[in-house]
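Enquirer: Structure for the following, please:
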Amino acid sequence: MNSLRTWRSKLHALARRRAALRWCEALALAAAVLLACSLLVFAADFLFRANLVQRTILLAATLTATGFCWWKWSAPLLAIHETPHSLALSVNEPHGSRTDLVAALQFEEHFAPAWGSVVLQQALVRRVAALGPRAVLPLDFNMQTVLAPSAAALAALLVWCGLIFAAPNHCQVFLQRMMFFSVAYPTKTVLLDVVVISDGSVSDGSVADGSVSDGAAMGRVVSSIMSDGVVQQESARCLEGAPVTIWVRCAGESPASVTLSVLEEKTGRRRVIEAIATPAFRLQKPSSGGASSVASPGEHSGRTTAYQAVLEQVLEPLRWEIVAGDARAGPFLLGISPPPAIEIEWRAEPPAYAAGASAAVVRRAARRLEVLPGSTVAVRVVCKNDKPLKKVSLVLKTEAASVQVEMLPQNAARTVWETAQHPLLKSIARETQLTWRIVDHEGIVPQSAVTAVVAMIADRAPSVLAASSSAMVHPLARPAIIFELQDDFGVASAEVRVSIDRAGEIRRLKFPLQEKDTGAAFPLAAASLPYRGRWSLDLKPLDVQVGDEIQLRVVAQDNRGAAVGQSGESPPVIWRVTDREEVLRSILQADAATEKALLELIDLQRSRLEKENAQ
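Expert: Here you go, the predicted structure:
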């Protein structure tokens, strides 16, 4: 069974050589595809400055092409397994018949005696074995299938070696970009900083001497797109309808021009804006240790130049890129952020003394609220365009003080905020200016200041009337007056002020109106007004004399709770103190005047009846 050992050794060696060639062919095919695709990716990335998504697509395409090549061609080559019998059938041996070699190999198998004469089988095996030492087995392999992909892979590898030798920095940047780092290829002109500012107040030089905060203040949105040559973010947002200023700082070779290529996403319209050279600027960015400055002149080796391009009004999302000499950056996305639309809602509770009043106790307007002194006011801020609010502060300002109150969110969406109860709002006593400081989740504040006023409803003085049926009184009489009290929210108290004039000497007295005298229980609620009553004055204890003049005024104080209300007084009621005859004469004169008025009224009614009968 070992007479064909030489043949078997040669066949195994041939199988190993052919397997090695197939491995070389498979790896060469895969390497050629991988290296060629990587060169194409390098070229595409360098020429078009692919963004993160595009680089991901390029990498995926390269891996897909390499995987397809391996599955289609390399894997089938490696799956081939050649045995001595299969090789004996495939090779031509010049010293004997390959059919004899195959038969001799089969006759050495343990099941061969069952096929026929063992003597003949052994004779054939000996004859074929005698040819083994002199036999030379041809490789019988198409070397072109190995040389062609190997040459292609070698050529691609040489190109890569040339690129690494000629432009090592570019190759290093390419490797970093394929690892998804945001770095740019070296250029003669270096883009150091790109800043997007959405602020209608920005003009030429306005940022040169000051500082710009990376955030929002008074309607401003500032975004650092690139800092020290490294892309910080690939998208920025601006205020809807506001102008946008894009600042660019370059180093190295000064570019002949810096242009901004803008593509409107909705309309597909593309326009080119040329940036103009401006003084350099400084960008302040907050950090844990305070504000640290970057992008300032002199911090980069060599001369730096700053440029700005202005987009007058941005109403829709834009894609834009910067071209400065041989340096390019972008494309970047400029999104639209509408400012928060704020609506103020009031809730006012009038004081207890105004209960049941027919007059208005609260007057509401969009940014103005009028209430009674002592009212409790609650304020609600609602964002009508459903933008979550990050912070809402309320500044209450009166003539005496200014206080800031932090408002609290009332829903999970953070679109509704209310004030916590504050003494200035719990019992408001004077006009108060309200100013809101609002910042939404994007750091944007409303375009216009949100202010409102809580004013006091004007306090009208009570209306007081008083009259008497007689102008002359006897010193011992008890004359009376009829009075009427009226007020919008109630009367707290009332009194009668009496002055007695005797030959220029005036004596003043006060008499509170009490329930036992008038039947009125003070304070009087608004529901019980107007109130009419009668009050009499006993002159005997006052020791008045004939010739004295008595003047009476009814004075009422309105009800304003703990606050001090206003007072109102009636026109004076004047009595002249005289004797009995003069009093009777005045009564008779009053009766005569009354009789005359009644006769005139009867004549008027008679004339009306006559006219009706004539018709």
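Enquirer: Off-centre distance for the lengthiest helix in the chain?
Expert: Assignment by DSSP state H gives helix 5-48 as the longest helix of the chain. Helix 5-48 has its C-alpha centroid displaced from the chain centroid by 57 Å (C-alpha atoms, centre = their mean, to the nearest Å).
Enquirer: try stretch 222-235
Expert: Counting by C-alpha atoms, centre = their mean, stretch 222-235 comes out at 20 Å from the chain centroid.
Enquirer: Can you check the distance spanned by that stretch, start to finish?
Expert: In terms of C-alpha to C-alpha, to the nearest Å, the two terminal residues of stretch 222-235 are separated by 12 Å.
Enquirer: in that stretch, what's buried?
Expert: 222-227, 229, 231-232, 234 (16 or more other C-beta atoms under 10 Å). (C-beta placed from N, C-alpha, C; glycine too.)
Enquirer: Could you identify the least confident member of the residues you listed?
Expert: Among those, Val222 has the lowest pLDDT, at 74.
Enquirer: so can I have a markdown table of the buried residues of stretch 222-235 showing distance to Asn411 and secondary structure?
Expert: Converted to a markdown table, the buried residues of stretch 222-235 look like this (distance: C-beta to C-beta, whole Å; DSSP: H, G, I helix; E, B strand; the rest coil):
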| residue | distance to Asn411 | secondary structure |
| --- | --- | --- |
| Val222 | 30 | strand |
| Ser223 | 29 | strand |
| Ser224 | 33 | strand |
| Ile225 | 34 | strand |
| Met226 | 38 | strand |
| Ser227 | 37 | strand |
| Gly229 | 44 | coil |
| Val231 | 37 | strand |
| Gln232 | 33 | coil |
| Glu234 | 33 | coil |
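Enquirer: can you name the two of the residues you listed that are farthest apart?
Expert: Pairwise distances across the buried residues of stretch 222-235 (C-beta to C-beta) peak at 19.3 Å, for the pair Val222 and Gly229.
Enquirer: How about the backbone phi and psi for Gln176?
Expert: phi -70, psi -40 (degrees, to the nearest 10).
Enquirer: who are the neighbours in contact with it?
Expert: With contacts defined as C-beta atoms under 8 Å, 6 or more residues apart in numbering, Gln176 is in contact with Val183.
Enquirer: so how far is Ser223 from it?
Expert: Here the criterion is C-beta to C-beta, to the nearest Å. By it, Gln176 lies 24 Å from Ser223.
Enquirer: can you check Thr145 too?
Expert: Taking C-beta to C-beta, one finds Thr145 at 56 Å from Ser223.
Enquirer: Repeat that for Arg497.
Expert: 74 Å.
Enquirer: Which stretches in the stretch 451-600 of the chain count as strands?
Expert: 463-467, 472-473, 480-486, 491-502, 505-512, 531-536, 549-558, 567-569, 573-577 (DSSP state E, counting those that start in this stretch).
Enquirer: Go ahead and name everything in contact with the fifth one.
Expert: Surrounding strand 505-512, the residues in contact under the criterion C-beta under 8 Å, 6+ apart are 493-500, 535, 537, 542.
Enquirer: how about a cut-off of 10 Å?
Expert: With C-beta atoms under 10 Å, 6 or more residues apart in numbering as the contact definition, strand 505-512 has outside contacts at 493-501, 517, 522, 535, 537, 542-544, 548-552, 554-555.
Enquirer: Of these, keep whichever come out buried.
Expert: Using 16+ other C-beta under 10 Å, the buried ones in the contacts of strand 505-512 are 493-498, 500, 522, 535, 537, 544, 548, 550, 552, 554-555.
Enquirer: Between those residues, which sits nearest Ala466?
Expert: Once C-beta to C-beta is applied, the member of the buried ones among the contacts of strand 505-512 that ends up nearest Ala466 is Val554, at 4.5 Å.
Enquirer: My understanding was that the closest one contacts Gln486; is that so?
Expert: No: using C-beta atoms under 10 Å, Val554 is not in contact with Gln486; the gap is 11.8 Å.
Enquirer: which residues do those two both contact?
Expert: 462, 464-465, 568.
Enquirer: Leu394: how many residues sit nearby?
Expert: Neighbour count for Leu394, taken as other C-beta atoms under 10 Å: 24.
Enquirer: tell me the contacts of it?
Expert: 379, 381, 403-407, 417-420, 422, 425, 434-438, 450, 452.
Enquirer: which ones among those residues are found in helices?
Expert: Per DSSP H, those map to helices at Leu425.
Enquirer: Who are the contact partners of the nearest residue to Lys397 once chain neighbours are set aside?
Expert: Setting aside the residues directly before and after it, Lys397 is nearest to Gln433 in space (C-beta to C-beta, 6 or more residues apart in numbering), at 4.3 Å. Taking C-beta under 10 Å, 6+ apart, we find Gln433 in contact with 395-399, 402, 451-455.
Enquirer: What of Ile438?
Expert: Contacts of Ile438 by C-beta under 10 Å, 6+ apart are 339-340, 342, 381, 383, 389-394, 407, 417, 444-446, 449-450.
Enquirer: List buried residues within those residues.
Expert: 339-340, 342, 381, 383, 389-390, 392, 394, 407, 417, 444-446, 450.
Enquirer: Please name the nearest non-neighbouring residue to Leu524.
Expert: Take Leu524 and drop its neighbours on the chain: the residue closest to it by C-beta to C-beta, 6+ apart is Val491, 4.4 Å away.
Enquirer: surely that neighbour meets Ala521?
Expert: No: look at Val491 against Ala521 with C-beta under 10 Å: they stay out of range, at 11.0 Å.
Enquirer: who touches both of the two?
Expert: Joint contacts of Val491 and Ala521 (C-beta under 10 Å, 6+ apart) are Ser528.
Enquirer: Look at these two and report which has more neighbours.
Expert: Val491 (28 against 10).
Enquirer: In which helix or strand does Leu154 reside?
Expert: Taking DSSP states H and E as the criterion, the element that holds Leu154 is helix 144-166.
Enquirer: now do Leu191
Expert: Leu191 belongs to strand 189-198 when assigned by DSSP H and E.
Enquirer: Same check on Arg319?
Expert: strand 318-324.
Enquirer: Show the average pLDDT along that strand.
Expert: 86.
Enquirer: Mind listing the strands it pairs with, and their directions?
Expert: Strand partners for strand 318-324, identified by DSSP bridges, are recorded as strand 258-264 (antiparallel), strand 327-337 (antiparallel).
Enquirer: Quickly list what Asp501 is bridged to.
Expert: Bridge pairing for Asp501 - DSSP bridges - gives Ile506, Glu549.
Enquirer: Perfect, that will be all.
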